[in-house]
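Participant: 3D model of this:
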Amino acid sequence: MKKNLWENLFKETKDALFLIEAGQCIQQNSAAERLRERTHFSLTKVLEVAKGKGCVLHPTKDECQDCEVKTHWDQASFPLVLETKSESFEHFYGSYTELGQQTALLSIRCVAEQDRLQQVIQNKRLIEYVNQAHENERRALSQELHDGLAQSIYSLMLETRQLKGVGQSPELTSKLAKIDEDFVALLSEVKQLAVDLRPAALDDLGLIPAIEALIHRLTETTGIDIHFIPMLKTKRFSESIETVTYRVVQESMMNSVKYAGVDELWVTLSEQRGHLVLNVRDHGKGFDVKMLDQNSRGLGLLHMQERAESVGGHLDIQSKPLEGTKISLHLPVQLEGKA
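Facilitator: Numbering: from 1, shown residues only. Down below sits the predicted model:
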């Protein structure tokens, strides 16, 4: 039974496999046969590279002439360049494993296949890193606005109010009152900017209170009725999960306010099968999803998709002209361990 299993794995694996005995190939799989058919494959040359005695770039010593690439590679993973029958060159990764004194297994994999997977992983990590860097910068700017600029404005506002008690002409008193009103408005704008950059509630209280505060502000400024229904057992999640969810809620609701022409929105938040699930829905104008990359709304939605994918989730956008829009976010939950 084990022998049959081994034989099946040997035959069906996508890597080119060569069973070596005393420096000769005694068995190879179908992938190895295809590799030999389309390249100028020399087993002797490849074994030299695997054992650190050959150059990974040049098939003969005359062509190599002791180039700088010749070196001792790790037998578990060494680079390899093979010339194809069409006179092009392809890059591979090889692995040489000794099974006994005279027996070894040589495995060769095309770099393109491995690189595609590695590139996907690296892209996700890069997007997550950039988003986190943006959030850290937003947090720093928000703190600076709140603790620095806002406090300075408040101090100036208090000094201006003290002047009202001094004997002044009615005209100057009126001007001071106007300055005071401007200070109040400016202070409010600075505080709002600080909250928009990075709401303190998201860090201090968690996702639901932060969304509730966002909805309250949006309702006050737009008059739109926003129905928020949280159905969560867990109160806190990892910082990346909470940040992505909050930004998607923020972008989705703002898109509905700007483009949908609605007076009502529905937002639900729940846990389903190990995922945090967010839905934002409106019954507004809708749009053609195929045209996303051709307008500013599309850029925001595509950025949300990148955010979701960077933490292992996905974003689903459903919309048709005159039939409303539904944004669904699914993120694998990583519990923070907070009560």
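Participant: where exactly do the helices run in the stretch 151-300 of the chain?
Facilitator: 170-197, 200-204, 207-222, 239-255, 296-310 (DSSP state H, counting those that start in this stretch).
Participant: which of these is buried the deepest?
Facilitator: helix 239-255 (a mean of 21; mean count of other C-beta atoms under 10 Å). C-beta coordinates here come from the backbone N, C-alpha and C atoms, glycine included.
Participant: rewinding a little: to Ala22, which of the helices of the stretch 151-300 of the chain lies closest?
Facilitator: helix 296-310 (49.8 Å; C-beta to C-beta).
Participant: model confidence over the closest one, on average?
Facilitator: The average pLDDT within helix 296-310 is 72.
Participant: List the strands paired with the helix or strand just after that helix, with their directions.
Facilitator: Counting by DSSP states H and E, the next helix or strand C-terminal to helix 296-310 is strand 314-319. Each strand paired with strand 314-319, and its direction, by DSSP bridges: strand 325-332 (antiparallel).
Participant: Between helix 239-255 and the partner strand, find me the angle.
Facilitator: 180 degrees (axes from the mean of the first three to the mean of the last three C-alpha atoms, to 10 degrees).
Participant: Okay, buried residues for strand 325-332 please.
Facilitator: By 16 or more other C-beta atoms under 10 Å, the buried positions in strand 325-332 come out as Thr325, Lys326, Ile327, Ser328, Leu329, His330, Leu331.
Participant: which ones are touching the third one?
Facilitator: This means Ile327. By C-beta atoms under 8 Å, 6 or more residues apart in numbering, the contact set of Ile327 is Val248, Ser252, Leu278, Asn279, Val280, Arg281, Leu301, Met304, Leu315, Asp316, Ile317, Gln318.
Participant: which residues touch the second one?
Facilitator: It refers to Ser252. Ser252 neighbours (C-beta under 8 Å, 6+ apart): Val280, Met304, Ile327.
Participant: For those residues, could you give me a markdown table that also reports distance to Val46?
Facilitator: Output for these, formatted as a markdown table (distance: C-beta to C-beta, whole Å):
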| residue | distance to Val46 |
| --- | --- |
| Val280 | 56 |
| Met304 | 47 |
| Ile327 | 52 |
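Participant: Please identify which of the residues you listed is nearest to Ser95.
Facilitator: Using C-beta to C-beta, those come closest to Ser95 at Met304, 40.4 Å.
Participant: For that closest one, give its distance to Val267.
Facilitator: As defined by C-beta to C-beta, to the nearest Å, Met304 lies at a distance of 15 Å from Val267.
Participant: Point out where the stretch 1-150 of the chain drops to low pLDDT.
Facilitator: Low-confidence segments of the stretch 1-150 of the chain (pLDDT under 70): 1-6, 9, 54-75, 111-150.
Participant: What segments of it are helices?
Facilitator: Taking DSSP H, counting those that start in this stretch as the test, the helices found in the stretch 1-150 of the chain are 2-12, 30-38, 43-50, 61-64, 111-144, 150-163.
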